[in-house]
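In: attaching a predicted model along with its sequence, questions to come.
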Amino acid sequence: MLWQPALPEKYLKMPEADLALAITARRKQLGDSLVILGHHYQTDEVIQHADYTGDSLKLSQIAADLAQSRPADRSVKYIIFCGVHFMAETADMLTPDDVAVILPDLSAGCSMADMAAYDDTLDAWNSIHNVLAQRHWQGKIIPITYVNSSAAIKAFVGDRGGACCTSSNAAAVFKWAMSHKSETQDVKIFFLPDQHLGRNTAAAYGINTRTHTCLYDPKVARKGEELGGSTPEQLFASSVILWAGHCSVHKLFRPEHCTQTHARDAAEGTKTTILVHPECAKEVVDLADMTGSTEFIIQSVNNAPAGSRWAVGTEVHLVNRLANAVKARGVHVRILSDCQCLCTTMYRIDQPHILWVLDNLAGGGASGGKVKIQNRVQVHPLVRASALLALDRMLSLSNKPKTFVD
């Protein structure tokens, strides 16, 4: 987690309504030079200020499109990314150098992304290859990283011939990796950092996840177990090597939440469609009626027939926003679990931090009338070049244009 300096007291004491009015005034002052992007998991107080909403990659692509389509005067100068650190990194990599990507609170990180450190990943890569070489394995390991990872991990994957993936295109990237398999060359996928997305994708591809996947846990590896808790036999038999990472939100949904929903339907004579994100554990996905990315969840609920009932396994603010949007049509939406399934690091982005950033951009903060860019997120050029290789491989598999490169 990066260090975020404390805000001046005035921002912390302002009522929410006054903060909203001040943000609106600053946005008007900055005009077309400013774009605010809001991730779906943000609170309503933040979303109200967003020019665009979406998941992490969609917002980064929007940032790239805005930057590339700028007129000759290059009016877009600042992109405030109301998300978490890895998202701002991706947006920075997809936009020109003269566009500043700003994260209102630098401590807004992602626990899943933090579970895959570069040094641990390099150690795992070397250990896995060494063990397989001892067994005279003839094949290729292809790394795949979820976009919910640091720029350093994306670069690691890009340099080793791998690709990024999202929850919506993981299957396509998985298929691409497996297409390298031949009569003379075996293929293993090294999937990080989310073990659950990797396991669910492998199962959908037709791989027996009990016998042909194994788990590499860097915490166990640091204690001296070379393969992070797996055995050489498990590694040799596996088609997919999963990193021991997870989403702190989606791990809160459990199989009993699905069985309780089914029992309630049986008792009440109703039918509830269980829809969950693939970051949930496989045991939950197997019991659900539908699984898909954040965008898939939104589209499914928005297109749901009147009178239908839904239990959704994803972040609570998004579920509540969906429920309010469709209730007028008689669509009933609730969160799958009664626990508070929320992204605590995402909520470090709030109105006080947004206003603080805007005040400095407008010269009204502590900068004494001069424009000051606070909390700019910048990826080192060498890391960026390698990370873009992984992103571009993913985009080429999705029939989307390649990333912006200066």
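Out: Perfect, I can see it now.

In: contacts and neighbour counts: CA atoms only from here.
Out: Noted.

In: what residues are up against the residue nearest the centre of the chain?
Out: Taking C-alpha atoms, centre = their mean, the centroid of the chain lies closest to N148, which sits 3.7 Å from it. Residues near N148 by C-alpha atoms under 8 Å, 6 or more residues apart in numbering: F86, M87, C110, M112, A113, P193.

In: so what touches the one helix or strand the first one maps to?
Out: Meaning F86. Assigning secondary structure by DSSP states H and E places F86 in helix 85-93. Taking contacts as C-alpha under 8 Å, 6+ apart, the residues outside helix 85-93 that touch it are 56-57, 59-61, 63-64, 81, 100-103, 106-110, 113, 148-151, 377-379, 384, 388, 404.

In: quick one: which of those residues sit in helices?
Out: Secondary structure from DSSP state H places S56, L57, L59, S60, Q61, A63, A64, A113, A151, R384, L388 of the contacts of helix 85-93 in helices.

In: and for R264, the neighbour number?
Out: By other C-alpha atoms under 10 Å, 14 other residues sit near R264.

In: burial of the closest residue to it other than its chain neighbours, as a residue count?
Out: Leaving aside its sequence neighbours, R264 sits nearest to T270 (C-alpha to C-alpha, 6 or more residues apart in numbering; 7.9 Å). Per other C-alpha under 10 Å, the neighbour tally for T270 reads 12.

In: turn the contacts of N148 into JSON lines, including distance to Q48 and neighbour count.
Out: Converted to JSON lines, the contacts of N148 look like this (distance: C-alpha to C-alpha, whole Å; neighbours: other C-alpha atoms under 10 Å):
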{"residue": "F86", "distance to Q48": "22", "neighbour count": "22"}
{"residue": "M87", "distance to Q48": "19", "neighbour count": "27"}
{"residue": "C110", "distance to Q48": "23", "neighbour count": "23"}
{"residue": "M112", "distance to Q48": "27", "neighbour count": "19"}
{"residue": "A113", "distance to Q48": "27", "neighbour count": "23"}
{"residue": "P193", "distance to Q48": "31", "neighbour count": "29"}
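
In: from those residues, which is closest to A263?
Out: Relative to A263, the closest of those is M112; by C-alpha to C-alpha it sits at 32.5 Å.

In: and the pLDDT at that closest one?
Out: Note on M112: pLDDT of 94.

In: and for the one 3 residues further on?
Out: At M115 the predicted local confidence, pLDDT, stands at 96.

In: who's the residue nearest to it when sequence neighbours are not counted bridged to?
Out: In space, and not counting its chain neighbours, M115 is closest to G245: 5.8 Å by C-alpha to C-alpha, 6+ apart. Per DSSP bridges, the residues bridged to G245 are D194.

In: residue contacts, G245?
Out: G245 neighbours (C-alpha under 8 Å, 6+ apart): M112, M115, A116, L192, P193, D194, Q195.

In: now swap in S75 and tell me
Out: D32, S33.

In: where's it, which helix or strand?
Out: Using DSSP H and E, no helix or strand contains S75.

In: how far away is it from E89?
Out: According to C-alpha to C-alpha, to the nearest Å, S75 stands 21 Å off from E89.

In: give me the mean pLDDT for stretch 377-386.
Out: 96.

In: what's the answer for stretch 345-364, then?
Out: pLDDT averaged over stretch 345-364 gives 91.
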